[in-house]
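S.K.: Okay, predicted coordinates and the sequence, questions at the end:
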Amino acid sequence: MVVYIARRLVQAVLILLGVSVITFALLYMLPADPVRQIAGRSATAQTVENIRRELGLDQPFLVQYGRYLLGILHGDLGRSYLQRTEVSSLIAARLPASLLLMAGAIVCELILGLTMGLFAALKRGTATDQALMVGSFIGVSAPQFVVGLLLLYLFAVRLGWFPIGGYGTFAHLVLPSITLGILGAGWYSRMMRSSMVDVMRQDFIRTARAKGLARSTILFRHALPNAILPVIAMIGIDIGLFMSGIVVVESVFGWPGIGQLAWQAIQRVDIPIIMGVTLVSACAIVLGNLLADLVSPLIDPRIKLQ
Amino acid sequence: MSVPAASEPSAPSARKMAKRRGVGGELLRRPLALVGLFIIAVTVAGAVFAPYVAGYGPNEQLFDGLSLLGEPMAPGGAFPLGTDLLGRDLLTRILYGARTSLIIGIAANGVALAIGTLVGVTAGFYRGWIGTILMRFTDLMMAFPALLLAICLAAVLSPSLWIVALVIALVNWVQTARVVFTETSSLSRREFIDAERAMGASTGRILFRHILPHLLPTIIVWGTLGISTTVLLEATLSYLGVGVQPPTPSWGNIIFENQTYFQAAPWLVFFPGIAILALALAFNLVGDALRDILDPTQRGRF
């Protein structure tokens, strides 16, 4: 176990190193010149050159990357070009909002997805099952920005139940969470359905039924806990979906998280912020996958780590 | 729990049926797949015949397309789906936008599928150090936040229709590579491949006569489901303004262009949004039915 975790952690570090190289190289090749953005239109050639030298952008690629890597080892993600603040403190200030949004989305997708999947499994082969599975397909196929804008229009503009974007109270959290959670709800309902169908075929369920246990006891005491665990273990893998989703959802709702930070940084060619958010996201994705792999053998001892 | 076991056909008999009727016939028997095929057919027809169906040019700013106050016209009358901020007919733009979605959906997904299959087969068949390097690289790509990567790539390459397709392909090949890798490596360990090798078959013969035909169902299923992912990614990139650039209409950039006005004119978000959802849904429905038909072991699972 310890060896397995150690090996996975080494792999994770290598993967993150790779992500940093590729992102750094991509941003290095950006046709837009970040120095021009900082200096403004009226800057003289001399000012532009000074800023370039000051930021170390006149150095060759490998030197720039090496400096960046050394910084990371000291926990330093560099400074924002435009705001002149530490990227790490910018991200730290924005991270709680994103984590809150993701927590809200996880609650939504579990409530929605698990109930839909459970009902579909219990009504397997009926019209209800079909309708629920069409619903799950719609969840998977709905573009998040459209869902977000339509929810905003319906529940904020027309009905006035929720604020039109922004951040602060519980009411602000509801619509963005649903928007971010609908995609996952689609996946969860399908996984939950198949997991439940599998469990209901097992011998111990037949035994329970033969013992004459009440249907509700069989369902909620015996079947559900077994069916639900492998599905919950997938939350770690969700992180990847979330890291793409928050860019869109936060920009639709004006949610001050790291997705919005990244999006604004991309528009202003503020490369250190883009690098920082990409690395933090990649970290979260890698850790999420690792967590999912570590949790599954705890839930199902037949799964062996290798 | 009175689920009748007979309600679902057992795998072998279903496979026999599918063989007799062919995949196409089997597909037509499934109502959900039919709905999907219908939506795809309507979209393709709309895209191909856009100049004949649409009442106006895609970039034509109509004299009567804005109200006297300069606001977009609501759906109805001469403009069935209303007009946009610049007084262009929304239905016309959605019809032409279907071209963008379909071209990118098919081209980007085709390239992604080709890259994914190539990487997956190479890694799965040769394993060794080539396989290790390729699969580690795939792991690396999996760790990227896909949308951020796509946005950065689009920003570097400055978007045009084909560049957007290329960007999506460069992001989306990873899933296919993983699935094809798993299948190829389990296939190439099977006895009939060993037998083939023992008889002195060349690598090319093994690959093209034995491995690829076995992979075909997987590739078809992932190819169909992948179009849906591609359509959604294109719409999202265009909505963020880094995808297909106006004035070329795309369902995503129609919403991007008009979203400041969506509280007053919600149809400008609603109709293109429904179009994106419907096309993505259609390819998901057909892909799911194909998986059911081509891979009976997965039946009823997802």
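M.R.: Received it, and whenever you're ready, just let me know what you need.
S.K.: Toward the C-terminus, what is the element adjacent to the helix ranked longest in chain A?
M.R.: Ranked by residue count under DSSP state H, the longest helix found in chain A is helix A:87-122. Counting by DSSP states H and E, the next helix or strand C-terminal to helix A:87-122 is helix A:127-141.
S.K.: Other residues contacting the very next helix or strand once past that following helix?
M.R.: Remark: after helix A:127-141, the chain's next helix or strand is helix A:144-151, criterion DSSP H and E. Residues from elsewhere that reach helix A:144-151 (C-beta atoms under 8 Å, 6 or more residues apart in numbering or on different chains): A:175-176, A:178-180, A:182-183, A:245, A:248-249, A:252-253, B:235-236, B:239, B:255, B:259, B:262, B:266, B:269-270, B:272-273, B:276-277. (C-beta placed from N, C-alpha, C; glycine too.)
S.K.: Helix A:87-122 and the next helix or strand after helix A:144-151, what's the angle between them?
M.R.: Using DSSP H and E, the helix or strand that follows helix A:144-151 in sequence is helix A:170-200. If you take axes from the mean of the first three to the mean of the last three C-alpha atoms, to 10 degrees, helix A:170-200 sits at 50 degrees to helix A:87-122.
S.K.: List the buried residues in helix A:170-200.
M.R.: For helix A:170-200, the neighbour count (16 or more other C-beta atoms under 10 Å in any protein chain shown) marks A:172-197, A:199-200 as buried.
S.K.: Return only those of these found close to chain B.
M.R.: Checked against chain B using C-beta under 8 Å from any C-beta of the partner chain, the buried residues of helix A:170-200 yield the following neighbours: A:190-191, A:194, A:197, A:200.
S.K.: Next, give me the two most distant ones among those residues.
M.R.: A:190 and A:200 (16.1 Å; C-beta to C-beta).
S.K.: can I assume residue B:61 sits in a helix?
M.R.: No - under DSSP: H, G, I helix; E, B strand; the rest coil, residue B:61 sits outside any helix and is assigned coil.
S.K.: Tell me the pLDDT of it.
M.R.: Per-residue pLDDT puts residue B:61 at 76.
S.K.: Verify the stated contact: residue A:229 with residue A:298.
M.R.: No - counting by C-beta atoms under 8 Å, residue A:298 is not a contact partner of residue A:229; they are 9.1 Å apart.
S.K.: So between these two, which is more surrounded?
M.R.: Neighbour totals were compared for residue A:229 and residue A:298, and residue A:229 leads with 15 against 10 (other C-beta atoms under 10 Å in any protein chain shown).
S.K.: Other residues contacting the particular helix or strand that has the more buried one in it?
M.R.: Taking DSSP H and E as the definition, residue A:229 sits inside helix A:224-232. Helix A:224-232 is contacted from outside by A:110, A:114, A:117-118, A:121, A:188, A:191-192, A:195-196, A:198-199, A:202, A:296, A:299-300, using C-beta under 8 Å, 6+ apart.
S.K.: likewise stretch B:145-159?
M.R.: A:23, A:26-27, A:29-32, A:240, A:243-245, A:247-248, A:262-263, A:266, A:274, A:277-278, A:281-282, A:285, B:163-164, B:166-168, B:170-172, B:233, B:236-237, B:240, B:242-245.
S.K.: Now do the same contact list for residue A:101.
M.R.: A:173, A:176-177, A:180, A:246, A:249-250, A:255, A:257.
S.K.: Can you tell me which of the residues you listed is closest to chain B?
M.R.: residue A:246 (9.0 Å; C-beta to the nearest C-beta).
S.K.: Please tell me I have it right and that closest one contacts residue A:263.
M.R.: No - Residue A:246 lies out of contact with residue A:263 (C-beta under 8 Å); the separation is 9.4 Å.
S.K.: Noted, bye for now.
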